[in-house]
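J.: here is my input, please return the structure:
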Amino acid sequence: MSFFKKFFTKEKQEDLDQGLEKTKSSFFGKISRAIAGKTKVDEEVLDELENVLISSDVGLDTTVKIIERIEERVARDKYINTEELNEILRDEITQILAENQTVDVDGFLPPGDHKPYVLLVVGVNGVGKTTTIGKLAHQFKLAGKKVVLGAGDTFRAAAVDQLGIWADRVGCDFYSKGMHSDPAAVAYETVQHAINNGHDVAIIDTAGRLHTKLNLMKELTKIKRSIGKKMEDAPHDVLLVLDATTGQNAIEQAKHFTAATEVSCLALTKLDGTAKGGVAIGISDQFKIPIRYIGVGESIHQLQVFNKRAFVDSLFKNETLTD
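T.: Modelled structure (predicted):
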């Protein structure tokens with residue numbers, strides 16, 4: 001049995017299919033309307049397709065790349081009918097994700113041999129950051145790992161309490177110095193706590209800082225440096241959480257956060273609540289940072305490791321373009 005089939009269960013596939021349903025219906029509905037009455041892929045069809053991709057939040061730069069590649073195929077093959085457009089799109093999207101994603105890993109295991117594996121989580125308020133941390137802790141626990149959550153969001157009312165509730169729910173350890181304490185000190189002491197108590201994973205929350213406020217972004221550097229003083233090469237990953245329902249705003253947030261700190265992986269939440277799932281394609285292409293996790297539902301088990309093959313298969317499943 002392949003690694004993919006072993007870990008990507010039928011239940012996960014069903015969750016992914018349901019999570020992408022709004023995106024799929026909107027995306028292919030727009031394309032079908034764009035090619036209505038057409039028999040071949042010509043300049044007019046490509047113009048319509050470009051509009052569809054942009055309106056699906058794939059992003060301008062990535063859309064241009066896809067259109068240029070399809071134009072090359074049309075020029076090479078001389079004639080491509082609209083029935084083939086589905087498969088061509090599938091090929092090009094698969095290729096873009098393959099170019100910009102690391103090898104798919106199905107299963108929630110800390111990458112590398114670090115102990116503890118230190119994960120710093122960043123993102124603006126409202127994107128589902130705390131929920132993502134809780135779901136991650138749950139998955140790591142299921143994998144047999146000892147986990148501690150560090151309450152580094154010390155400014156927002158109830159943020160510490162919310163993370164503590166998740167720790168209780170998951171059954172993992174929780175480290176906090178309370179509201180208004182120094183986030184860098186919390187991060188440092190969380191790592192110290194993890195080392196002293198033999199934790200496999202330390203997940204550290206940060207304030208849902210506004211990406212337009214330079215002083216708050218500078219704080220990320222301070223937190224990261226503090227962690228590094230306690231454990232060399234830590235944090236081992238900086239996870240940026242983005243809300244898929246915000247579409248192009250998610251890409252804008254990614255621009256600011258990647259400029260402010262060394263983001264190494266992404267989590268894309270709330271895919272089930274939006275028709276803007278195309279943003280995953282644009283984010284992957286523009287930032288060359290792997291999408292590590294996706295949220296496809298509210299339940300605790302509905303956070304998945306992002307698998308490009310499963311994502312594309314689900315997006316194009318049972319879809320046929322008709323004129």
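
J.: and the strands in the protein?
T.: Per DSSP state E, the chain carries strands over the ranges 117-122, 147-150, 173-175, 201-204, 237-243, 265-269, 291-295, 303-305.

J.: among those, which comes closest to Gly228?
T.: For the strands of the chain, the distance to Gly228 is smallest for strand 117-122, at 9.5 Å, taking C-beta to C-beta. Every C-beta, even on glycine, is put in place using the N, C-alpha and C of the backbone.

J.: what pLDDT does Asn318 get?
T.: If you check Asn318, the pLDDT there is 66.

J.: the one 5 residues further on too?
T.: Asp323 is assigned a pLDDT of 48 by the prediction.

J.: cool, Asp104 as well?
T.: pLDDT, Asp104: 54.

J.: that older thread, any idea which of the strands of the chain is most buried?
T.: Among those, strand 201-204 has the highest mean neighbour count (mean count of other C-beta atoms under 10 Å), at a mean of 30.

J.: that strand pairs with which strands?
T.: On the basis of DSSP bridges, the sheet neighbours of strand 201-204 come out as strand 117-122 (parallel), strand 147-150 (parallel).

J.: may I see those strands arranged in JSON lines, with mean pLDDT and distance to Phe174 as well?
T.: Output for the strands paired with strand 201-204, formatted as JSON lines (pLDDT from 0 to 100; distance: least, C-beta to C-beta, whole Å):
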{"stretch": "strand 117-122", "mean pLDDT": "96", "distance to Phe174": "15"}
{"stretch": "strand 147-150", "mean pLDDT": "98", "distance to Phe174": "5"}
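
J.: need these in a markdown table with distance to Val296, can you?
T.: Shown next, in a markdown table, are those (distance: least, C-beta to C-beta, whole Å):
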| stretch | distance to Val296 |
| --- | --- |
| strand 117-122 | 19 |
| strand 147-150 | 22 |
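
J.: so which of those comes closest to Asp237?
T.: Nearest to Asp237, of the strands paired with strand 201-204 and by C-beta to C-beta, is strand 117-122 at 5.1 Å.

J.: pLDDT weak spots in the stretch 1-150 of the chain?
T.: Filtered on pLDDT under 70, the stretch 1-150 of the chain yields the residue ranges 1-8, 79, 101-107.

J.: before we move on, what about the stretch 201-323 of the chain?
T.: 209-216, 318-323.

J.: mind listing the helices for it?
T.: Assigned by DSSP state H, counting those that start in this stretch, the stretch 201-323 of the chain shows helices spanning 214-230, 248-260, 279-287, 308-316.

J.: got JSON lines for the ones you listed, with distance to Pro116 and mean neighbour count too?
T.: Below are the helices of the stretch 201-323 of the chain laid out as JSON lines (distance: least, C-beta to C-beta, whole Å; neighbours: other C-beta atoms under 10 Å):
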{"stretch": "helix 214-230", "distance to Pro116": "11", "mean neighbour count": "16"}
{"stretch": "helix 248-260", "distance to Pro116": "24", "mean neighbour count": "18"}
{"stretch": "helix 279-287", "distance to Pro116": "27", "mean neighbour count": "24"}
{"stretch": "helix 308-316", "distance to Pro116": "28", "mean neighbour count": "20"}
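
J.: where's the closest residue to Asp182 other than its chain neighbours relative to Gly282, distance?
T.: Leaving aside its sequence neighbours, Asp182 sits nearest to Thr154 (C-beta to C-beta, 6 or more residues apart in numbering; 7.5 Å). According to C-beta to C-beta, to the nearest Å, Thr154 and Gly282 sit 33 Å apart.

J.: burial count for the closest residue to Gly208 other than its chain neighbours?
T.: Distances taken as C-beta to C-beta, 6+ apart place Asn125 nearest to Gly208, at 3.2 Å, with adjacent residues excluded. When counting by other C-beta atoms under 10 Å, one arrives at 13 neighbours for Asn125.

J.: does Asn125 touch Arg156 like I think?
T.: Yes: with contacts counted by C-beta atoms under 8 Å, Asn125 reaches Arg156, the gap being 6.8 Å.

J.: joint contacts of those two?
T.: In terms of C-beta atoms under 8 Å, 6 or more residues apart in numbering, Asn125 and Arg156 are both contacted by the residues Gly208.

J.: got a list of what Asp233 touches?
T.: So Asp233 contacts His114 (C-beta under 8 Å, 6+ apart).

J.: 10 Å instead, please
T.: By C-beta atoms under 10 Å, 6 or more residues apart in numbering, Asp233 lies in contact with 112, 114, 118, 227.
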